[in-house]
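**Student:** Got a sequence here, can you model it:
(2 chains)
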There are 2 protein chains.
Amino acid sequence: MEEKEISQAVIGRLPRYFRYLGELKDEGVERISSQDLSELMKVTASQIRQDFNNFGGFGQQGYGYNVEYLYNEIGKILGLDQQHNFIIVGAGNLGRALGNYMNFERRGFIFKGMFDRNPELVGKEVRGLKVMPMEQLKKFVTENDIDIAVLTIPKTSAVGVAEHLVQYGIKAIWNFAHVDLNVPDGIQVENVHLSDSLMKLSYNINRYMKEQK
Amino acid sequence: MEEKEISQAVIGRLPRYFRYLGELKDEGVERISSQDLSELMKVTASQIRQDFNNFGGFGQQGYGYNVEYLYNEIGKILGLDQQHNFIIVGAGNLGRALGNYMNFERRGFIFKGMFDRNPELVGKEVRGLKVMPMEQLKKFVTENDIDIAVLTIPKTSAVGVAEHLVQYGIKAIWNFAHVDLNVPDGIQVENVHLSDSLMKLSYNINRYMKEQK
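**Tutor:** As a prediction, this is how the structure comes out:
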């Protein structure tokens, strides 16, 4: 597989294919044509074929795709057959919401620990795990094979904490802090900037209202 | 302004410009060249100029952009000079996290109410507002000028709740449920599929590790 050439735009669409195929599988559907998948997902059939061709095509046209095979293959490409341990830094509402989200575990993401610098939150339990103080971060990350750190802390502390996490050997950061992180090459970062998403919604509301006038 | 031709890709980048310009403004920076903005934001200067040209350009090249003017103009384009009332449906951890996030208010998004079908959550307070039962949703939305509904409920109920919200006159849905919604044209939807984001991170971790071998 020529994975090196695959654009982040294609990668960004894989989870959605995976989600739809998982639902088809759960409904007992065994085969689906690119045309039917296209109608279901509201993307063109040619887009689907182009995306899949990045990974060798996954099956015969005309005959349709084998749903379970395709689901498993996309899961493997996404690395969901691997286990990744993660910690959450920031035990506020958002951090606790993510810690309690059981579905991540089904995908191979194992919640291992939670940290906060607020002494009032330290010791509280999130899904059976006690919130630890920041002083224990280094020891915990290095001793527990932690790949991913989820950052749900204010932007003022996120940049510094991210630097430390990289030093401790973390491989990836799922960043909810409202700031872009500066990390070395090889450290993967995925940003979820919630305010950005809300502003995009705001733009589209206003534009639509102007068009109606 | 020829807003009709502006792609969602450009719109998707505006909030990030807005964020950086807000920080520059807070630091007292009055002018910035596209070159300096480019280095700060790690996008090409030509990308910045192309993006801004969609809105008339915002200022002279060479002389640089007036930071406060640019910040305010992008804010207006994003509709942040308008007030939008929103409700949250789903009073779990994620819903409460979003209800408690004060920054939305600074951007003109006013948190007006929260709903849940779980009787144990009804009556609890989130930022001074009592969680209401779903039976009050229709009356509340129609009587309180609510534009935006935030959905933080399981995917099994999200599709049905979204249909009702549209009937009640909602203009936009900020969807955190792990499902794509089917809404009529003119209803704006912005999806935040957290699992999709985590899977993209997973892909990038695994690909990097393969390349290192």
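
**Student:** only C-alpha atoms for contact and neighbour calcs from this point on.
**Tutor:** OK.

**Student:** Need the CA coordinates for the host helix or strand of A:Leu40. CSV is fine.
**Tutor:** Of the helices and strands defined by DSSP states H and E, A:Leu40 is found in helix A:34-41. Coordinates of each C-alpha in helix A:34-41 appear next as CSV, following Å, rounded to 0.1, in the frame of the first residue of the first chain:
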residue,chain,number,x,y,z
SER,A,34,-20.6,2.3,-4.3
GLN,A,35,-23.9,3.7,-5.7
ASP,A,36,-25.9,2.7,-2.6
LEU,A,37,-23.1,3.8,-0.2
SER,A,38,-23.0,7.1,-2.1
GLU,A,39,-26.8,7.7,-1.6
LEU,A,40,-26.6,6.8,2.0
MET,A,41,-23.6,9.0,2.8
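
**Student:** could you give the angle of the helix or strand just after that helix to helix A:34-41?
**Tutor:** Along the chain past helix A:34-41, the next helix or strand (assigned with DSSP H and E) turns out to be helix A:45-53. On the basis of axes from the mean of the first three to the mean of the last three C-alpha atoms, to 10 degrees, helix A:45-53 is oriented at 100 degrees to helix A:34-41.

**Student:** Mind giving me the packing neighbours of whatever helix or strand comes next after helix A:45-53?
**Tutor:** Sequence-wise, the next helix or strand beyond helix A:45-53 is strand A:65-66, with elements assigned using DSSP H and E. Secondary-structure packing of strand A:65-66 (3 or more C-alpha pairs under 8 Å, 6 or more residues apart in numbering or on different chains; DSSP states H and E): strand A:31-32.

**Student:** ranges for the helices of chain A?
**Tutor:** Chain-ordered helices for chain A, with DSSP state H as the definition, fall at A:8-26, A:34-41, A:45-53, A:67-77, A:93-99, A:103-106, A:137-143, A:155-167, A:194-212.

**Student:** circling back: can the helix holding A:Leu40 be found next to chain B?
**Tutor:** No - Helix A:34-41 stays out of contact with chain B when judged by C-alpha under 8 Å from any C-alpha of the partner chain, the minimum separation being 8.7 Å.

**Student:** List the buried residues of stretch A:150-168.
**Tutor:** A:Val150, A:Leu151, A:Thr152, A:Ile153, A:Lys155, A:Ala158, A:Val159, A:Val161, A:Ala162, A:Leu165, A:Val166, A:Tyr168 (16 or more other C-alpha atoms under 10 Å in any protein chain shown).

**Student:** ok, now stretch A:185-204?
**Tutor:** Of the residues in stretch A:185-204, those buried under the neighbour-count criterion (16+ other C-alpha under 10 Å) are A:187-193, A:195-204.
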